[in-house]
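Trainee: Everything below, folded, please.
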Amino acid sequence: MINPCRPIKIGAFFLILLWPSLIGCGEAKQGKETEEVTNIEERIKEFREGKRFRGPVDEYIANGQPMLEVMNRLNRALVEEPDEVRKEVLRMIIALGKRIDPIFDKGGDLIRDRNIIGLLIDKGLSGQDEIRDMCLETLQQSVPGPILKDFAPKIVPNAQKWPDRIANLIIAKAKMAGAKNFIDSLCEKSAGAEDQSCFIAKAALGDTIVENDFIRKFQKTNDPQEKAQSALDLGYIGTKTALTALAGEMRTELVIEMPQVMRKSVRIFIVEALHYNYPEKSFLYDNAVGDDEGYARIEAFCEQEFGTVWKKERPPFLWIEGFETQHE
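Mentor: Prediction:
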């Protein structure tokens, strides 16, 4: 049977016979897009009424991409609407970016569509407001460093205009060499400050003295909370040297304890820091470790990727252990 929606070479006579069906296919597609544009107007109206974006977004996707008219409308809304509406529109755009990524169905949380990334940067970073904060956090957490690096000519001037901790971490993640002088200047002004983000960026951009300070702090501390935070800092630095040091502590036995609440292995933070730099590795996803074999897979990765050699046995299995409240 001939599929009237499939493009084929046919004679004029058959083309005349099939023409109504071909028109029907085009009208169906156009009708679908028109329907979703109408639908998106309803969603924006709901946002104006104070409703929050809850998803899903599948209906706005065709052939693996957000519908053009839908994106155009969201683009305008991100500029024209009041801030409370803009925040919900932004959440919707972010959800679309993650939904169309190839590894979303495997548990991925990435945005790699350059059109959406460009929109977040061009429209989302245009003011020093909550929208910018949301966009910076999304860029830092969900966009891989090599892609971010391509947007350095826009991100670095924005960070210089409005210095920000998350912007510094984006510079570190993408190794934006053009930001070196700016980061050095920030560190001079922030010497001894509690915010370490400019020093993280300084280490990521090649300052081995600062990098070694972070590594020594991580390796020497036996305080679980400090060890956990230092692990995340090395992940943010993301150099081969920092990640090698990070991997070397995958057998730490340190545990964060909240009495009568929970026990949490510091290894969780090391896994999180590794995942930050290897976002496509599913065995590093949050809650991916359900038994000792999960740790074994991560250790095998460390051995292969960083040449890790273990100096002690793997600790007894622990991810997160909660305590039930006892009532008399």
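
Trainee: what does the helix or strand containing Ile93 rub up against?
Mentor: When secondary structure is defined using DSSP states H and E, the element that contains Ile93 is helix 83-99. The set of residues external to helix 83-99 that reach it, using CB atoms under 8 Å, 6 or more residues apart in numbering, is 43-44, 47-48, 50-53, 55-58, 60-61, 66, 71, 74, 77-78, 81, 104, 108-111, 113, 116-117, 119-120, 124, 129-131, 134-135, 138, 142. Yep, even glycine has a C-beta here, placed from its N, CA and C like the rest.

Trainee: Buried ones only from these, please, as a ChimeraX command.
Mentor: If you want just the buried ones from these in ChimeraX, going by 16 or more other CB atoms under 10 Å, the selection is:
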select :43,44,47,53,57,60,61,66,71,74,77,78,81,108,110,111,113,116,117,119,120,124,131,134,135,138,142
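
Trainee: Pull out the buried positions in whichever strand or helix holds Asp233.
Mentor: Using DSSP H and E, Asp233 maps to helix 224-237. For helix 224-237, burial by neighbour count (16+ other CB under 10 Å) applies to 224, 227-228, 230-237.

Trainee: residues contacting the most centrally placed residue in the chain?
Mentor: With distances taken as CA atoms, centre = their mean, the chain has Ser142 as the residue nearest its mean C-alpha position (1.2 Å). Counting by CB under 8 Å, 6+ apart, Ser142 makes contact with 94, 97-98, 109-111.

Trainee: And His275, by the same measure?
Mentor: His275 makes contact with 281, 284-286 under the criterion CB under 8 Å, 6+ apart.

Trainee: Looking at those residues, state which has the most neighbours.
Mentor: If you count neighbours using other CB atoms under 10 Å, the busiest of these is Leu284, which has 21 neighbours.

Trainee: What sits closest to it if chain neighbours are left out?
Mentor: Leaving aside its chain neighbours, Leu284 sits nearest to His275 (3.8 Å; criterion: CB to CB, 6 or more residues apart in numbering).

Trainee: Shouldn't that neighbour be within a helix?
Mentor: Yes: with DSSP: H, G, I helix; E, B strand; the rest coil as the criterion, His275 is located in a helix.

Trainee: distance of it from Gly107?
Mentor: 11 Å (CB to CB, to the nearest Å).

Trainee: go on, Arg73?
Mentor: Look at Arg73 and Gly107: by CB to CB, they are 30 Å apart.

Trainee: next one: Asn222
Mentor: 33 Å.

Trainee: Same drill for those two, tell me which one is more crowded.
Mentor: Gly107 (11 against 8).

Trainee: Phi, psi for the more buried one please.
Mentor: Geometry field for Gly107 lists phi and psi as phi 100, psi 10, criterion degrees, to the nearest 10.

Trainee: roughly how far apart are it and Lys45?
Mentor: As for Gly107, its distance to Lys45 is 33 Å (criterion: CB to CB).

Trainee: can you check Val89 too?
Mentor: For Val89, the distance to Lys45 under the criterion CB to CB works out to 12 Å.

Trainee: More neighbours: which of the two?
Mentor: Set side by side, Val89 and Lys45 show unequal neighbour counts under other CB under 10 Å, the larger going to Val89 at 25 against 11.

Trainee: these two touch, right, Ile111 and Asp101?
Mentor: Yes: the pair Ile111 and Asp101 passes the contact test of CB atoms under 8 Å, sitting 6.5 Å apart.

Trainee: intersection of neighbour lists for the two?
Mentor: Counting by CB under 8 Å, 6+ apart, Ile111 and Asp101 have no shared contacts at all.

Trainee: three-state assignment of Phe182?
Mentor: When classified by three-state DSSP, Phe182 comes out as helix.

Trainee: how about the helices of the stretch 201-328 of the chain, start to end?
Mentor: 208-220, 224-237, 240-247, 267-277, 292-306 (DSSP state H, counting those that start in this stretch).

Trainee: Mind listing what's buried along the third one?
Mentor: When burial is assessed from 16+ other CB under 10 Å, helix 240-247 yields the following buried residues: 241-247.

Trainee: any idea which of those residues is closest to Lys202?
Mentor: Ala242 (12.4 Å; CB to CB).

Trainee: Now do the contacts for the closest residue to the closest one other than its chain neighbours.
Mentor: In space, and not counting its chain neighbours, Ala242 is closest to Leu234: 4.4 Å by CB to CB, 6+ apart. Applying CB under 8 Å, 6+ apart, one finds that Leu234 lies in contact with 214-215, 218, 242-243, 245-246, 273.

Trainee: Please consider this matter closed, and thank you.
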